[in-house]
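> okay, predicted coordinates and the sequence, questions at the end:
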Amino acid sequence: MRYTLSDETWGREELEAINRVIESNFFSMGKEVKAFEEEFAIKFGSKYAVMSNSGSSANLLAIAALVYSGKLKSGDEVIVPAVSWSTTYFPLSQHNLKLKFVDINPETLNMDMNKLEKAITKNTKAVFAVNLLGNPNEFDRLIKICKDNNIILLEDNCESMGAKYENRQLGTIGLMGTYSTFYSHHLCTMEGGVTVTNDEELYHYLLSIRAHGWTRNLPANSKIYKKKEDEFYESFNFIMPGYNLRPLEMEAAIGREQLKKLDKIIFQRRENAKYFVEKMQSIKNIRVQKEIQESSWFGFAMILEGSLKEKRSELVKLLKENKIEVRPIVAGNFTKNEAIKYLNHEISGELTGADEIHNSGFFVGNHSKSNKENIDFLINIIESFVKE
């Protein structure tokens, strides 16, 4: 048996979508991307959605839009959790913002709300919250903290598509939210990402920044630039420093088919998680991620405790020998990475929760189909390790 990090969710529909694009002979960003964006926005209850070539690019677009719109300024402080993927952090640094790292709750793996409150200063202008491995933050407290301190709430929801808090889709709770549609994620378009917002002005910034900073993709009634009626002039007219983050038509066409399957995918992931959590209850000294409301269960995180705390390398070796794919919990405590020396940053207090995850945590994959057989196999291996 081989227990992989992710499974295949494509069928005949996705292949036909690819063929549809091939037959159209139009491959760069076009009608399929536009249709996917409209369908994505409807699905998640957002006014606007902008597709890009990755979830990392979705984050970059969101931060760039905030800076060019003046909502964030060079040197502003943005609070981030100490555990996340690298491209939660890099776009902030690339736009001359200061990162302030805050510890996580070692049970939920998301930002510790008490420590977040203590970290806020007069220089704090935003919180970039990460819904880690499918799990919602404590949004009742998080929203109140941001409102009370007049700071912007952003969501990196790249690992948590389909998760909900108070029946609201994660990614739509803050001013902007981001999603990833990379191969191993809930919805798979090979590569891809989406940035959503209800703010029309930010939406127009996203459209321009995504494609070189030009005006071509802006609507005639744009809130950020008055377009000339001269189409020739507006085809190569640049109003801000942008990027080329455009997705492919194939990726969008695949995404349109994947969206139709998403409810079933999320349902199955939750069913798998129920089974996993139940099975893990009988195993001592291994803690699993505590769910906040409705997680979409990207994977199954585990943290070794007690007599097992120092034995992660041994257990990981055993899992690999049995063809069970295993990874760190995202990047662990990101401040321990060499890249941190390039970032303007500050660490707020002790990062004890992040350190625990860094040293004693790991995760295995969840699937979009039933993987009870894989879970049973995993549990047997872990039980044999614990008994040694």
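Cool, got the structure.

> quick one: the strands in the chain, in order.
48-52, 77-81, 98-102, 124-130, 152-156, 164-165, 168-169, 176-180, 193-197, 286-288, 299-304, 345-347, 361-365 (DSSP state E).

> the fifth one pairs with which strands?
For strand 152-156, the paired strands and their directions (DSSP bridges) are strand 124-130 (parallel), strand 176-180 (parallel).

> give me the residues contacting the first one.
What that stands for is strand 124-130. For strand 124-130, contacts defined as CB atoms under 8 Å, 6 or more residues apart in numbering pick out 66, 72-73, 76-81, 83-84, 88, 92, 100, 110-111, 116, 137, 142, 145-146, 149, 151-156, 159, 174. C-beta here means a position set from N, CA and C on the backbone, and glycine is covered the same way.

> of those residues, buried ones?
66, 72, 76-81, 83-84, 88, 92, 100, 110-111, 116, 137, 142, 145-146, 151-156, 159, 174 (16 or more other CB atoms under 10 Å).

> dump the residue contacts of Glu191.
Asn53, Ser54, Thr181, Phe182, Tyr183, Pro247, Glu251.

> pLDDT score for the nearest residue to Val67 once chain neighbours are set aside?
Using CB to CB, 6 or more residues apart in numbering and skipping residues adjacent in sequence, the residue nearest Val67 is His95, 4.7 Å away. For His95, the pLDDT comes out at 98.

> same question for Glu388.
Glu388 is assigned a predicted lDDT (pLDDT) of 71.

> what number of residues lie near it?
7 (other CB atoms under 10 Å).

> likewise for Arg216?
Around Arg216 sit 15 other residues, with neighbours defined as other CB under 10 Å.

> quick check: it vs Glu159, distance?
Distance, Arg216 to Glu159, using CB to CB, to the nearest Å: 33 Å.

> centroid-nearest residue for this protein?
Residue closest to the average C-alpha location in the chain (CA atoms, centre = their mean): Cys158, at 1.5 Å.

> give me phi/psi at it?
The phi/psi pair for Cys158 (degrees, to the nearest 10) reads phi -60, psi -20.

> ok, Ala220 next?
Dihedral angles for Ala220 - degrees, to the nearest 10 - are phi -60, psi -30.

> and the pLDDT for it?
For Ala220, pLDDT reads 94.

> sorry, back to before: touching, the residue nearest to Val67 and Ser69? I think so.
No: the pair formed by His95 and Ser69 falls short of the contact definition of CB atoms under 8 Å, at 11.8 Å.

> contact partners for the spatially closest residue to Ile265 that is not a sequence neighbour?
Using CB to CB, 6+ apart and skipping residues adjacent in sequence, the residue nearest Ile265 is Ser368, 4.3 Å away. Ser368 sits next to Ser6, Asp7, Thr9, His186, Lys264, Ile265, Gln268, Arg269 when contact means CB under 8 Å, 6+ apart.

> same question for Thr197.
Thr197 touches Ser46, Lys47, Tyr48, Leu175, Met176, Gly177, Tyr203, Leu206, counting by CB under 8 Å, 6+ apart.

> follow-up on the earlier one: the residue nearest to Val67 - how many residues pack around it?
18.

> hmm, back to that, how about the contacts of Ser368 in CSV, adding neighbour count, distance to Phe377 and pLDDT?
CSV is the format used below for these (neighbours: other CB atoms under 10 Å; distance: CB to CB, whole Å; pLDDT from 0 to 100):
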residue, neighbour count, distance to Phe377, pLDDT
Ser6, 18, 17, 94
Asp7, 17, 15, 94
Thr9, 20, 21, 94
His186, 28, 23, 96
Lys264, 12, 24, 98
Ile265, 21, 22, 98
Gln268, 19, 18, 98
Arg269, 24, 18, 98
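
> domains of this protein?
12-257, 262-387 (automatic domain parsing).

> in this protein, spot the helix with the most residues.
As assigned by DSSP state H, the longest helix anywhere in the chain is helix 249-280.

> can you give me how far it is from the chain middle?
15 Å (CA atoms, centre = their mean, to the nearest Å).

> repeat that for stretch 307-327.
In terms of CA atoms, centre = their mean, the centre of stretch 307-327 is found 26 Å from the chain centre.

> how long is it end to end?
Criterion CA to CA, to the nearest Å; first-to-last residue distance in stretch 307-327 is 21 Å.
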